[in-house]
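J.: pasting a predicted model and its sequence here:
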Amino acid sequence: MHKFIKYFLIVLLIALVVIQFIRPDKNQGGYESVTTFENEVKPSVEVGMILKENCYDCHSDQTRYPWYAEIAPVSFWLADHIKVGKGHFNVSAWDTYSVKKKEHKLEELIEMVEKEEMPLDSYTWLHGNLKENEVKLLLQWATIARIEYKNLLKVSSN
């Protein structure tokens, strides 16, 4: 049994070393990819900073990678988080969303922040939670932006 554990640990160590040479693609399309979104929904400077510091890493084509993102298997875990996050809501793809989808995405944003499901716990463990005033600012902004899309939907349906 002792020999088995020793060989298992050696194989595990070799696997960890080998996996360091396999790199997932980086999500670094540039912050200009959020320009359409920001021009359209017009966040204040404060809300823009909240979005940049807490949302864009997983919900845009630009991620600021921490040092530990270079270590596998964490690099694969982060790449998957970003892929899933962008699949749900990608501000870099805002110009491809219909008015109805934009309104719905803002509705989901409000719901997820109110339920404290966003940012994810795995994100807040390392980066901290949104402060109460940041949550309030974010929700106020998203509510106003959502109302504007609802109004556009009403006008287009008449």
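T.: Thanks, I have it.

J.: residues near Lys86, how many?
T.: Here the number of neighbours of Lys86 (other Cβ atoms under 10 Å) works out to 18. (Each C-beta comes from the backbone N, C-alpha and C, glycine too.)

J.: which secondary structure elements does the host helix or strand of Lys101 sit against?
T.: According to DSSP states H and E, Lys101 maps onto helix 99-114. Packing partners of helix 99-114 (3 or more Cβ pairs under 8 Å, 6 or more residues apart in numbering; DSSP states H and E): helix 132-157.

J.: for the record, mean pLDDT for the helix it packs on?
T.: The average pLDDT within helix 132-157 is 91.

J.: what's the angle between that helix and helix 99-114?
T.: 160 degrees (axes from the mean of the first three to the mean of the last three Cα atoms, to 10 degrees).

J.: any chance you could map the helices in this protein?
T.: Taking DSSP state H, the helices of the chain run over residues 2-19, 35-41, 45-54, 56-59, 74-88, 99-114, 121-127, 132-157.

J.: contacts only, for the residue sitting nearest the centre point of the chain.
T.: Centroid-nearest residue in the chain, with Cα atoms, centre = their mean: Cys58, separated by 2.1 Å. When contacts are counted by Cβ atoms under 8 Å, 6 or more residues apart in numbering, Cys58 touches 81-82, 85-86, 123.

J.: apply 6 Å and report the result again.
T.: Counting by Cβ atoms under 6 Å, 6 or more residues apart in numbering, Cys58 makes contact with 81-82, 85.

J.: now the residue lying closest to it once chain neighbours are set aside: how far from Ala79?
T.: Counting by Cβ to Cβ, 6 or more residues apart in numbering, Cys58 lies nearest to Gly85, which is 3.3 Å off, once chain neighbours are set aside. In this view, Gly85 and Ala79 are 11 Å apart by Cβ to Cβ, to the nearest Å.
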